[in-house]
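K.L.:
quick one, structure for this:
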Amino acid sequence: MDSALNGNVEAISLALEAGIDPNIIDENGRTPLMLAAFNGHTEIAERLLEAGARLDLRDSTNRTAFMFACTGPNLKLITILHRRGASVNDIDSHESWTPLMFAAAEGHSDVVQYLLDNNADPNAADVDGETAAMFAQSRGFPELAAMIQARMK
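P.N.:
Alright, predicted model coming up:
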């Protein structure tokens, strides 16, 4: 788990070669793929996926590896996960956030653009009724908020 989080490609490779299950979970229900995705470790994520890491697994707050990836600016990793079947409209069970909300809250305009271009729902609202556009605006990303608002119905 630490190797996935910290980007230690060699340790991940050795663990996978030794037969470690790529879908092991920690006390929060997180997998190595989720941890690698959170820190944008594309090479590790690819190795884990090749070893059978599952995209559909969710942690204790119902977040997926794709959601974790969308908190960062790593568009290559997000594209890889999406092409392998990650949903742009998944919702967590903690705050009812979507991948678009995670990306908007962090100000990652290229990720937001990718998600919108791949049918992410800009109208989705969290438990407080806030949308991705509201997150972007309140966090100081007015251009990003406008980009999202332009796609709202």
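K.L.:
how about the nearest residue to Ser87, chain neighbours excluded?
P.N.:
Nearest residue to Ser87, sequence neighbours excluded (CB to CB, 6 or more residues apart in numbering): Phe66, at 7.1 Å. (C-beta placed from N, C-alpha, C; glycine too.)
K.L.:
same question for Ala15.
P.N.:
Nearest one to Ala15, counting by CB to CB, 6+ apart, is Ser3 at 6.8 Å.
K.L.:
neighbouring contacts of the helix or strand hosting the one you found?
P.N.:
Here Ser3 sits within helix 2-6, counting by DSSP states H and E. Identification of contacts with helix 2-6 by CB atoms under 8 Å, 6 or more residues apart in numbering yields 8, 11-12, 15, 32-33, 35-36, 38-39, 41, 44, 48.
K.L.:
closest to Ser96 out of those residues?
P.N.:
Phe38 (19.5 Å; CB to CB).
K.L.:
go ahead and confirm the closest one touches Cys70.
P.N.:
No. Taking CB atoms under 8 Å as the definition, Phe38 is not a contact partner of Cys70, at 9.9 Å.
K.L.:
list the residues that contact Thr64.
P.N.:
By CB under 8 Å, 6+ apart, the contact set of Thr64 is 34, 55-58, 86-87, 90.
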